[in-house]
Every structure is written in C-alpha cells, then in structure tokens.
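Asks: sharing a model that was predicted from the sequence below.
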Amino acid sequence: MEKDKIKLFLVDDDALFLKSMEIDFLQLADYAVETFATGELCLENISHNPDIILLDYNLDGINKNAMNGIATLDKIKEYDPRIPVVILSAQDKIDVAISCMHHLASDYVVKSETAFTRLQRIIPNVLRFQKMEKELNWYMSRM
C-alpha cells in the first residue's frame, strides 16, 4: 500500500451501500479502503491503523445482537482516541447526531444521494484538523 494514500475503513451492514461507497472511494486515487460488515470485524482489524473510519450508526441488519455504531465508536476511541470517526446514518434526527458527537465522533452524515460528495469534503477537513491538533499538542508539550 502506498504511503500517501488515506487508509479508510468503511463499516456498514448494508452490503449494497458498503460496496457502492467502496467503489466510489477507490475511484479516487488517494484512498486505500478496507470494508467491514460489523463493528466487531472493524475492531478485530483496528491494528491496521486506519487514518479515518466511516461507521454506520445502526449495525444490526445482519445480526440483531451485533454491536451498534455508538458501542463500536466507544471501543475505537478506547483503542486510540485520535482515530477520527465519521458516523453515517439513515436517521436525520438532531438528537442522534448530538449523541454521536458526545461519543467523540468527528462528524455525522445522513445517508443520502449527496452523502459521498459531503464525505469528499469532510474527510480532508477532519484529517487537516487532526494534523493541526497534533502539532498544537506538540508545541504545547514544549512549553
């Protein structure tokens, strides 16, 4: 895998949506993509050190007892709080988005025809913010 590619994890139990997003991102030359149908599979592979994770809010389409998006998000943040996670959801509810932000999601995107376009703008911004935060922490630790 080339070093300059953004390592993206896509986690969604909707196989069609997952494949569609994977194809969309792979058509952009700057992404290396790994896909997972469950939060559990994502967590089993978290040591691959993704640069960013796109995580479905509801992950119980395959297995009703599967870990949901919020529980998966919490486990990702336990593993490494610096990994940015963008929650994807079919739910256009402000309280769901706020809950995700309380659990340290970097952003919340409603699944729609414009979701991919929005993600193309959000991902570079999230990664840029993360880089600035890292640099700021580095400078602050030197004071």
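Replies: Alright, I've got the coordinates.

Asks: and the lengthiest helix in the chain, which residues are buried?
Replies: Identified as the longest helix of the chain according to DSSP state H is helix 115-142. For helix 115-142, the buried set under the neighbour-count rule, 16 or more other Cβ atoms under 10 Å, comprises A115, L119, I122, I123, V126, Q130. The C-beta positions use only the backbone N, C-alpha and C, and glycine is treated the same way.

Asks: out of these, which is nearest to R82?
Replies: Nearest to R82 out of the buried residues of helix 115-142 is Q130 (Cβ to Cβ; 6.8 Å).

Asks: confirm that V96 sits in a strand.
Replies: No - under DSSP: H, G, I helix; E, B strand; the rest coil, V96 falls outside any strand and is assigned helix.

Asks: which of the three states applies to E34?
Replies: With three-state DSSP as the criterion, E34 reads strand.

Asks: would you confirm that it contacts H48?
Replies: Yes - taking contacts as Cβ atoms under 8 Å, E34 lies within contact range of H48: 6.5 Å.

Asks: count of residues packed around E78?
Replies: 9 (other Cβ atoms under 10 Å).

Asks: swap in H48?
Replies: Neighbours of H48 under the rule other Cβ under 10 Å: 12.

Asks: cool, and the one 4 residues further on?
Replies: Burial of I52 is recorded as 22 neighbouring residues (other Cβ under 10 Å).

Asks: quick check: bridge partners of it?
Replies: Following DSSP bridges, I52 is listed with bridge partners L8.
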